[in-house]
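Peer 1: have a look at this prediction, sequence included:
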Amino acid sequence: MTKYHYAEKVRRLAGFRYKAFISYRHLDENWASWLQGALEKYRIPKIMVGKKTGYGEIPARLDAVFRDREDLSSSASLTESVKHELSTLVVICSPAAAQSRWVKEEIRAFKELGRADRIYALIVDGDPQSTDPAEQCFPSTLVSIRFCQAYGLCN
């Protein structure tokens, strides 16, 4: 990564209102609530605080984590909020989430904005290798060729 690209990436990510956005199906709300609390309370180890990374300086805490679409301002679309306020997406993966239109749209919005490298998965139910839709935990938009090949999920 060149100095210019590094500086541009830091500039773009530094101004985000939320450090993470939790995408989930409301059937998994207990998991989402737990994760939000755990992330917001987590203290970064002192030895890491202040170090410069490709995404800016490491803070002492992650600060605000976005969990509910209801937090969107009334005039904002999800895509606009993702573009301006959210740097990282954490997907709560379960068979319910795999079938959710909203979860798929949230993943798609991050990918379209060039933030596919900032999408993380937390599996809470189901089997990532299952071919049975009732057991599959990854939304189709999360499964890319690269991801599929890396985890041996391709046929």
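Peer 2: Right, received. Where do you want to start?
Peer 1: which intervals of the chain have sub-threshold pLDDT?
Peer 2: 1-17, 68-86, 144-155 (pLDDT under 70).
Peer 1: where do the helices sit along it?
Peer 2: Ranges of helices within the chain are 3-14, 29-41, 78-85, 95-98, 101-112, 145-150, based on DSSP state H.
Peer 1: beta partners for V90?
Peer 2: Beta-bridge partners recorded for V90 (DSSP bridges): I22, Y120.
Peer 1: count of neighbours near Y42?
Peer 2: Using other CB atoms under 10 Å, Y42 is surrounded by 11 other residues. Every C-beta, even on glycine, is put in place using the N, C-alpha and C of the backbone.
Peer 1: what do you get for the one 5 residues further on?
Peer 2: The criterion is other CB under 10 Å. On that basis, I47 has 8 neighbouring residues.
Peer 1: what's the spacing between it and V90?
Peer 2: 24 Å (CB to CB, to the nearest Å).
Peer 1: and for T131?
Peer 2: Applying CB to CB to T131 and V90 gives a distance of 25 Å.
Peer 1: neighbour count: the two, which is higher?
Peer 2: More neighbours surround V90 than the other of T131 and V90, with 22 against 9 (other CB under 10 Å).
Peer 1: ok, now which ones touch the more buried one?
Peer 2: Counting by CB atoms under 8 Å, 6 or more residues apart in numbering, V90 makes contact with A20, F21, I22, S23, L35, L39, I119, Y120, A121, L122.
Peer 1: ok, now Y24?
Peer 2: Contacts of Y24 (CB under 8 Å, 6+ apart): W31, A32, R67, V91, I92, A97, V103.
Peer 1: closest to A109 out of those?
Peer 2: Of all the contacts of Y24, A109 sits closest to V103, with 10.9 Å by CB to CB.
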